[in-house]
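Colleague: Have a look; sequence and predicted model below, questions after that.
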Amino acid sequence: MKNLFIAIAICLFSPLSWAINAVLHELDIHSDVLQRRLKVNLYVPYNYEKTDTKQYPLLVTSAGSSRMEVLRSQVDWLSHVDFGPMPQMIILQLPDIEVAQKEELAQGAYTNKLAQVLHKDIFVYLKSVFRIARYTVLEGFSSRGNIALELFAQYPQQYQGGIITSPALGLADEDWRKAMSKALENTLKGRSLHLSLGSFTENKPHFVALTKPLYNFEESSFVDLSAENYLSAPLLSFEQGAKWLFSDMRIVDYAPYAKGGIAAVLSQQQRANKKYGYDMSPNGKLQGLANYYFEQGQAHKGKQVFEHLIKHNPTNVIYHLRYAQALLKISQPIAAKPLLKSALALAKAQHNEEAQSYIGSLINNNFH
């Protein structure tokens, strides 16, 4: 029954779920740092154009062309519904800045130049044209994960979160590894890093040395994926990292919020909004609170929360439907019937055929 309930929610929240692909913007930006034009790939959520006010966190990835489509699809899927483990994000693929061969070979020189281009040219342009929130996450895998790790460690003001998978620590020299460990120890407080070990055995001792001084930070999450296939690791690590990184965007245990009710949930949402730098709707959390009250036999409190949701979102089909379903479950069909009728009327007005079909079947099964 729970799985059916989730499937119905997907249909109602996202009736066009087959069209959730992020939209690619191929940008041509002038770089003052490089003194030339630069090609930049940016992906915005599929429904970006439907609102002119919503802001989105920025995901900066070092993924190359062979992995970019997989990552984009994973972000699309994990974020396209309200109860997903992560928010919708704007994705920036790190450009190839094509610096001189001598500079590429110098330890750290390429990343330093890339950082200048990112922070002085690309970020400035993006934030002037696109609706980007201040919360920025770095993502990287394998040898490109080294670049992401270095950017995250060396530029704490620019990056608030990191998901780094199977960094090729064995390819770097000892001075670089020590510098990264020290930089992370000095800058990790107040930020969040999900770092995972991959399957190449030569990286393990360096991973242990890098992370040893960081275990005292609540902001750190270290995972051993050495038993997983090398190509599976980035998929597993990204989902784990996203769930951990954005865990405060949802409430798993409502018991601590039950006494404070709506006010407690709204306060938690305000804290999350402050952290991520943009306003997010508390409705999903409030709906969870309402369901919690009904499950705990406190229907009167659950009704108050659903009525609050409907008052502030009068045209939302799902809140009318969920409220009605909760009432049916506690054998109050008389109270549920007008809610189902209003949900059906809204679904018809919004041309949501899937919702109409489901709500119609509920009415027929319970009142005929």
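Modeller: Cool, the structure landed. Keep in mind the model is a prediction, meaning the values are calculated, not measured.
Colleague: quick one: contacts of stretch 48-55?
Modeller: Under the criterion C-beta atoms under 8 Å, 6 or more residues apart in numbering, residues 23, 56, 90, 131, 132, 133, 277, 278, 279 lie in contact with stretch 48-55. Any C-beta I mention is one placed from the backbone N, CA and C, and that applies to glycine too.
Colleague: ChimeraX command to pick out the buried ones of those?
Modeller: Per 16 or more other C-beta atoms under 10 Å, the buried members of the contacts of stretch 48-55 correspond to this ChimeraX selection:
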select :56,90,131,132,133,278
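Colleague: show me where the stretch 101-250 of the chain has helices.
Modeller: 101-105, 109-116, 123-129, 142-154, 174-187, 204-211, 233-245 (DSSP state H, counting those that start in this stretch).
Colleague: Please identify the most buried of the ones you listed.
Modeller: helix 142-154 (a mean of 23; mean count of other C-beta atoms under 10 Å).
Colleague: Against which helices or strands is it packed?
Modeller: Judged by 3 or more C-beta pairs under 8 Å, 6 or more residues apart in numbering; DSSP states H and E, helix 142-154 is in contact with strand 56-61, helix 109-116, strand 132-141, strand 161-165, helix 174-187.
Colleague: Now tabulate these in a markdown table and tack on distance to residue 98.
Modeller: Below are those laid out as a markdown table (distance: least, C-beta to C-beta, whole Å):
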| stretch | distance to residue 98 |
| --- | --- |
| strand 56-61 | 19 |
| helix 109-116 | 10 |
| strand 132-141 | 19 |
| strand 161-165 | 24 |
| helix 174-187 | 22 |
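Colleague: Return, as residue ranges, the portions of the stretch 1-150 of the chain with sub-threshold pLDDT.
Modeller: Within the stretch 1-150 of the chain, the segments meeting pLDDT under 70 span 1-18, 99-107.
Colleague: mind checking which helix or strand the closest residue to residue 239 other than its chain neighbours is in?
Modeller: Nearest residue to residue 239, sequence neighbours excluded (C-beta to C-beta, 6 or more residues apart in numbering): residue 78, at 6.6 Å. Element membership of residue 78 [criterion: DSSP states H and E] is helix 65-79.
Colleague: possible to save the helices of the stretch 101-250 of the chain as JSON lines with distance to residue 356?
Modeller: As requested, these are arranged in JSON lines below (distance: least, C-beta to C-beta, whole Å):
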{"stretch": "helix 101-105", "distance to residue 356": "59"}
{"stretch": "helix 109-116", "distance to residue 356": "52"}
{"stretch": "helix 123-129", "distance to residue 356": "39"}
{"stretch": "helix 142-154", "distance to residue 356": "46"}
{"stretch": "helix 174-187", "distance to residue 356": "53"}
{"stretch": "helix 204-211", "distance to residue 356": "53"}
{"stretch": "helix 233-245", "distance to residue 356": "34"}
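Colleague: Out of those helices, the one nearest residue 70 is which?
Modeller: Closest of the helices of the stretch 101-250 of the chain to residue 70 is helix 233-245, at 7.3 Å (criterion: C-beta to C-beta).
Colleague: Can you name the next helix or strand after that closest one?
Modeller: helix 261-276.
Colleague: which secondary structure elements does the helix or strand just after that next one contact?
Modeller: Downstream of helix 261-276, the next assigned helix or strand under DSSP H and E is helix 283-295. On a contact count with 3+ C-beta pairs under 8 Å, 6+ apart, helix 283-295 meets helix 261-276, helix 299-312, helix 317-329.
Colleague: what about the last one, distance to the chain center?
Modeller: Taking the mean C-alpha point of helix 317-329 and that of its whole chain, the gap between them comes to 28 Å (C-alpha atoms, centre = their mean, to the nearest Å).
Colleague: and what of the first one?
Modeller: Chain-centre distance of helix 261-276: 17 Å, with C-alpha atoms, centre = their mean.
Colleague: CA atoms only: put it into PDB for me.
Modeller: As requested, the backbone C-alpha atoms of helix 261-276 are provided in PDB (Å, rounded to 0.1, in the frame of the first residue of the first chain):
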ATOM      1  CA  GLY A 261       3.400  21.300  15.500                       C
ATOM      2  CA  ILE A 262       3.200  23.600  12.500                       C
ATOM      3  CA  ALA A 263       5.400  26.300  14.200                       C
ATOM      4  CA  ALA A 264       8.200  23.800  15.000                       C
ATOM      5  CA  VAL A 265       8.200  22.500  11.400                       C
ATOM      6  CA  LEU A 266       8.200  26.100  10.000                       C
ATOM      7  CA  SER A 267      11.100  27.000  12.300                       C
ATOM      8  CA  GLN A 268      13.100  24.000  11.100                       C
ATOM      9  CA  GLN A 269      12.400  25.100   7.500                       C
ATOM     10  CA  GLN A 270      13.600  28.600   8.200                       C
ATOM     11  CA  ARG A 271      17.000  27.200   9.500                       C
ATOM     12  CA  ALA A 272      17.400  25.100   6.300                       C
ATOM     13  CA  ASN A 273      16.500  28.100   4.100                       C
ATOM     14  CA  LYS A 274      19.200  30.200   5.900                       C
ATOM     15  CA  LYS A 275      21.800  27.400   5.400                       C
ATOM     16  CA  TYR A 276      21.100  27.000   1.600                       C
END
